[in-house]
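[1] Kindly generate the corresponding structure for this input.
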Amino acid sequence: MTTPFDHLFAETRRHFFARGAQAVGLAALASLLDETGTASDEQSATGAGLAGFPNLPVRAKRIIYLFQSGAPSQIDLFDHKPGLANLRGSNLPDSVRQGQRLTGMTSSQSSFPIAPSKFQFAQHGRSGAWISELLPHLSKIADDVCFIKSMHTEAINHDPAITFMQTGAQLAGRPSLGAWLSYGLGSENADLPAFVAMISGTGDQPLYDRLWGSGFLPTRYAGVKFRSQGDPVLFLSNPPGITSQLRRGLLDDLSAMNELKLQETGDPEITTRIAQYEMAYRMQTSVPELTDISGEPASTFELYGEDARKPGTFAWNCLLARRMCERGVRFVQLFHRGWDQHLELPKNIALQCRATDQPTAALVQDLKQRGLLEDTLVVWGGEFGRTVYCQGKLTPADYGRDHHPRCFTNWLAGAGIKPGTTVGETDDFSYNITRDPVHVHDLNATILHLLGIDHEKLTFKFQGRHYRLTDVHGEVVRSILA
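    Okay, the predicted model is just below:
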């Protein structure tokens, strides 16, 4: 028996879900439309950013972020506390600790003995910045740097803290800082990614691809990870028997098929796929030229150190970061692991500084002498600080330090930054901030400000809400601006 409603059920299950997928794709595309109804996805072809951005005066055109994964000890590097020498081994006063939550690594300790730094400090430059003997090369450029000694965060463990520094949220799933910049400002070089990530060092703390990922933004805004072995980028070389001409023809055919699918479904990720295939093809020429350092003069390696000749080292990555800046890469992020020094800190932090101090200072000097520091922002820092009290056994020669989110030190140099300055202070124990606190959201708001972006205006609508890097927080740190 038929009814007047039978025609409503005539579509097959497959057709129903195909049309449902099309509707979802069109909804996703609609979320990318600007107020005039023009798809902001058009920037994929031109490298341009969003309409209306930058929306502030531009001080920095690009950024190099030297992220020190594992949390460097501010007490042993920058936050000089000479008074601790007289308190060595005494228990940290409860009035200082103020009931701070502890990690599982020290919560069972019966005491919290104060461990002064065993390293000597001195003032450097006209600014008189206090810097540890562990950083002799950075000491020479003290007047080019602005130190923030009052950074603080909520996260007390590595993964949420690193995720928070990179994305503005402790839970995974948000776009990274570099992805936001790629989305808002686009690229300056059509033959290289707008956002590149590189990793060096060793350590137990893993670094996940989501730290340079795009989150809920279209995937083309994610960072491209450069490797130290084989092809710098996965699958960059043609497979055996495939010529460049043949690959070009394959990509043309594939692009045509993707265009047909795009017309059918309206899925914006297909646009991303087309653009990424084309970028990969262009990178077959641009990336080998970028990573070929054979033309660098001997003076380069005198500046950065001989490790700059070795792929995968921090020094190599610093040199590549400078070469990327010269070629218009918008955001270069170097992750260096190994700063998580719960035990044997004096020995291990010295090793880390030997690997990173010279190339870090060299990068700033190199950019400066080439005229690039004027519009390149350099940021250095980790995810939180280290405790003044010792983790484990305190001996005359050895100590360890646990995680400490209440205060840590970052520094910035370059475009728009007031050089030779120090912002913020901590108490006599480097435990609590006493002046000019700077939150992670404040740092990120300031970075965006220097790049010409009002952090409250760069948003993306996802699941019915407009998101931004700084969530609903963040104030620009005016005191560090030139």
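[2] Please name the residues that touch the nearest residue to Glu296 once chain neighbours are set aside.
    Leaving aside its chain neighbours, Glu296 sits nearest to Leu319 (7.3 Å; criterion: Cβ to Cβ, 6 or more residues apart in numbering). In this view, the C-beta of every residue, glycine as well, is placed from N, C-alpha and C. By Cβ atoms under 8 Å, 6 or more residues apart in numbering, the contact list for Leu319 reads 293, 296, 300, 304, 308, 359, 363.
[3] So Leu319: helix, strand or coil?
    Counting by DSSP: H, G, I helix; E, B strand; the rest coil, the backbone at Leu319 sits in helix.
[4] any idea of the pLDDT on it?
    Looking at Leu319, its pLDDT reads 98.
[5] Thr36 too?
    30.
[6] Likewise for the one 5 residues further on?
    If you check Asp41, the pLDDT there is 43.
[7] now do Asp253
    76.
[8] looking at this, it is in a helix?
    Yes - assessed by three-state DSSP, Asp253 belongs to a helix.
[9] Give me the neighbour count for it.
    Here the count is done by other Cβ atoms under 10 Å, and Asp253 has 10 residues near it.
[10] Distance check, it against Lys347.
    For Asp253, the distance to Lys347 equals 58 Å [Cβ to Cβ, to the nearest Å].
[11] what does Arg273 give?
    Taking Cβ to Cβ as the measure, Arg273 and Lys347 are separated by 48 Å.
[12] Comparing these two, which residue is more hemmed in?
    In this view Arg273 and Lys347 are compared by other Cβ under 10 Å, and Arg273 has more residues nearby, 18 against 11.
[13] Phe67 - that's part of a helix, no?
    No - under three-state DSSP, Phe67 falls outside any helix and is assigned strand.
[14] Just give the nearest non-adjacent residue to it, would you?
    Sequence neighbours aside, Phe335 is the residue nearest to Phe67 in space, at 5.0 Å (criterion: Cβ to Cβ, 6+ apart).
[15] would you list every one of the strands in the stretch 251-400 of the chain?
    Assigned by DSSP state E, counting those that start in this stretch, the stretch 251-400 of the chain shows strands spanning 331-337, 376-381, 385-390.
[16] As JSON lines, the contacts of Leu319 with pLDDT, neighbour count and distance to Val196 would be great.
    Formatted as JSON lines, the contacts of Leu319 follow (pLDDT from 0 to 100; neighbours: other Cβ atoms under 10 Å; distance: Cβ to Cβ, whole Å):
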{"residue": "Ile293", "pLDDT": "95", "neighbour count": "15", "distance to Val196": "16"}
{"residue": "Glu296", "pLDDT": "97", "neighbour count": "16", "distance to Val196": "19"}
{"residue": "Thr300", "pLDDT": "98", "neighbour count": "16", "distance to Val196": "20"}
{"residue": "Tyr304", "pLDDT": "98", "neighbour count": "26", "distance to Val196": "18"}
{"residue": "Ala308", "pLDDT": "98", "neighbour count": "24", "distance to Val196": "17"}
{"residue": "Pro359", "pLDDT": "98", "neighbour count": "27", "distance to Val196": "17"}
{"residue": "Leu363", "pLDDT": "98", "neighbour count": "28", "distance to Val196": "15"}
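[17] ok, Glu383 - how many residues close by?
    Applying other Cβ under 10 Å, we find 30 residues neighbouring Glu383.
[18] Over to Thr426: give its phi and psi.
    phi -120, psi 170 (degrees, to the nearest 10).
[19] again with the one 10 residues further on
    Backbone geometry at Asp436, expressed as degrees, to the nearest 10, gives phi 50, psi 60.
[20] Ser150 in helix, strand or coil?
    With three-state DSSP as the criterion, Ser150 reads strand.
[21] which residues sit in contact with the residue lying closest to it once chain neighbours are set aside?
    The spatially closest residue to Ser150, leaving aside those adjacent along the chain, is Gly424, at 2.5 Å (Cβ to Cβ, 6+ apart). Neighbour list for Gly424: 148-151, 433, 435-438 [criterion: Cβ under 8 Å, 6+ apart].
[22] And Ser237, by the same measure?
    Contact analysis of Ser237 by Cβ under 8 Å, 6+ apart lists 231, 284.
[23] Can you get me a residue count around the closest residue to Glu456 other than its chain neighbours?
    Of all residues not flanking Glu456 in the chain, Arg468 sits nearest, at 6.8 Å (Cβ to Cβ, 6+ apart). Residues near Arg468, counting by other Cβ under 10 Å, number 22.
[24] Make sure Arg468 is actually in contact with Ile453.
    No - contact criterion Cβ atoms under 8 Å: Arg468 and Ile453 do not qualify, at 10.0 Å.
[25] any idea of the pLDDT on Ala45?
    pLDDT for Ala45: 40.
[26] And Val378, by the same measure?
    For Val378, the model assigns a pLDDT of 98.
[27] Check Thr272 too.
    So, for Thr272, pLDDT stands at 72.
[28] Give me the nearest residue to it, chain neighbours excluded.
    For Thr272, ignoring the flanking residues on the chain, the nearest one in space by Cβ to Cβ, 6+ apart is Arg220 at 4.1 Å.
[29] So that neighbour belongs to a helix, correct?
    Yes - the assignment for Arg220, made by three-state DSSP, places it in a helix.
[30] residues in contact with it?
    By Cβ under 8 Å, 6+ apart, the neighbours of Arg220 are 44, 182, 214, 271-272, 275-276.
[31] out of those, who's nearest Gln369?
    Among the contacts of Arg220, Ser182 lies closest to Gln369 (Cβ to Cβ), at 28.2 Å.
[32] Could you pull up the contacting residues of the closest one?
    By Cβ under 8 Å, 6+ apart, the contact set of Ser182 is 194-195, 220-221, 330-331.
[33] got the contact list for Leu394?
    The contact partners of Leu394, taken as Cβ under 8 Å, 6+ apart, are 89, 113, 115.
[34] ok, back up a step: go through the contacts of Ser182 and name the one with the lowest pLDDT.
    For the contacts of Ser182, the minimum pLDDT belongs to Arg220; the value there is 89.
[35] With Lys81 as the reference, measure out to that residue.
    Counting by Cβ to Cβ, the gap from Arg220 to Lys81 is 47 Å.
[36] now swap in Lys310 and tell me
    Taking Cβ to Cβ, one finds Lys310 at 36 Å from Lys81.
[37] who's more crowded, the two?
    Using other Cβ under 10 Å as the criterion, Lys310 and Lys81 rank with Lys81 on top: 21 against 12.
[38] Now the closest residue to the more buried one other than its chain neighbours. Its backbone dihedrals?
    Spatially, and ignoring its direct neighbours in sequence, Lys81 is nearest to Ser430 (5.3 Å; Cβ to Cβ, 6+ apart). Note on Ser430: its backbone torsions stand at phi 50, psi 50 [degrees, to the nearest 10].
[39] Same check on Ser176?
    phi -80, psi 160.
[40] Tally up the residues packed near it, please.
    There are 29 residues near Ser176, going by other Cβ under 10 Å.
[41] Grab the nearest non-local neighbour of it.
    Per Cβ to Cβ, 6+ apart, closest to Ser176 is Gln166, 4.8 Å.
[42] What is the subsequent helix or strand relative to the host helix or strand of the one you found?
    Following DSSP states H and E, one finds Gln166 within helix 158-167. Next helix or strand after helix 158-167 toward the C-terminus (DSSP H and E): helix 177-185.
[43] Compute the inter-axis angle for that following helix and strand 376-381.
    If you take axes from the mean of the first three to the mean of the last three Cα atoms, to 10 degrees, helix 177-185 sits at 150 degrees to strand 376-381.
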